[in-house]
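A.B. asks: fold the following for me, if possible:
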Amino acid sequence: MPLAEYSPQQAQEKLRDLNGTLVEFPLNFLCKANLTPGITSKEGLVPNAVFT
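C.D. replies: Numbering: from 1, shown residues only. Take a look at the predicted model:
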């Protein structure tokens, strides 16, 4: 249960203590990018299982 539902007063106090800038989290950042190394590179010669 979210804090705002069972204790709205405490949630507002915590929000007042926050500092900084609110940014949107990029969920799909680089989702379509091909991040595999080229076959001619030294990393491309090593099996993918090594990097996981």
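A.B. asks: ok, residues contacting the one helix or strand Gln10 maps to?
C.D. replies: Per DSSP states H and E, Gln10 falls inside helix 8-16. With contacts defined as CB atoms under 8 Å, 6 or more residues apart in numbering, helix 8-16 is touched by Pro2, Leu3, Ala4. To be clear about C-beta, it is placed using only N, CA and C from the backbone, and glycine gets the same treatment.
A.B. asks: what are the buried residues along it?
C.D. replies: By 16 or more other CB atoms under 10 Å, helix 8-16 has no buried positions at all.
A.B. asks: of the contacts of helix 8-16, just say which sits nearest to Pro37.
C.D. replies: Pro2 (42.9 Å; CB to CB).
A.B. asks: next, count neighbours for the closest one.
C.D. replies: 8 (other CB atoms under 10 Å).
A.B. asks: start the count at 413, not 1, going forward
C.D. replies: In the new count, where the first residue is 413, that last one comes out as Pro414.
A.B. asks: quickly note the distance from it to Glu425.
C.D. replies: Distance, Pro414 to Glu425, using CB to CB, to the nearest Å: 15 Å.
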